[in-house]
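# sequence isn't available, so here's the structure alone:
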């Protein structure tokens, strides 16, 4: 196997051999990696990640919401889609407290800064429409679904 993954997310231009990626998954009987395993993999590559960064990555790429990354999800991480980065950057503009969630008050503050005058009640309605899991916030997955055609 001579294919590899190139991660634009890291900004380092490091190419990861497919064999290394395959090892990560072969070492797990369930074929999935946890947050800690993901963090350790990137540490081996020289990319130190905070627990918050790892959790953000997990929440962004864990499509089936099982708390683990499978090979398909990991491939998406390593391929680093520019549109994914653009979506993340857009989401981060609204996530003022950097907790991975957009609240009605954060939406209200950003929209008002951008010159769009709206009430907190209007922002609450917008958040409610996007809030699939019913927690009162918009997470990155919900934001991505809204932004995709």
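Cool, got the structure. This one's a predicted model, so the numbers in the text were calculated from it and none came from an experiment.

# how close does residue 30 get to residue 51?
According to CB to CB, to the nearest Å, residue 30 stands 22 Å off from residue 51. (Glycine included, C-beta is placed from N, CA and C.)

# and what of residue 38?
According to CB to CB, residue 38 stands 11 Å off from residue 51.

# the two: which is more packed in?
Higher neighbour count among residue 38 and residue 51: residue 38, with 21 against 10, using other CB atoms under 10 Å.

# contacts only, for residue 105.
Neighbour list for residue 105: 120, 123 [criterion: CB atoms under 8 Å, 6 or more residues apart in numbering].

# residue 35 now?
Shown in contact with residue 35 (CB under 8 Å, 6+ apart): 51, 54, 55, 58, 67.

# try 7 Å this time
With contacts defined as CB atoms under 7 Å, 6 or more residues apart in numbering, residue 35 is in contact with 54, 55, 58.

# please apply the same query to residue 76.
Listed by CB under 7 Å, 6+ apart, the contact partners of residue 76 are residue 61.

# can you tell me the helix or strand for it?
In this assignment (DSSP states H and E), residue 76 forms part of helix 71-79.

# wait, what's in contact with residue 110?
Residues in contact with residue 110 (CB under 7 Å, 6+ apart) are 93, 94.
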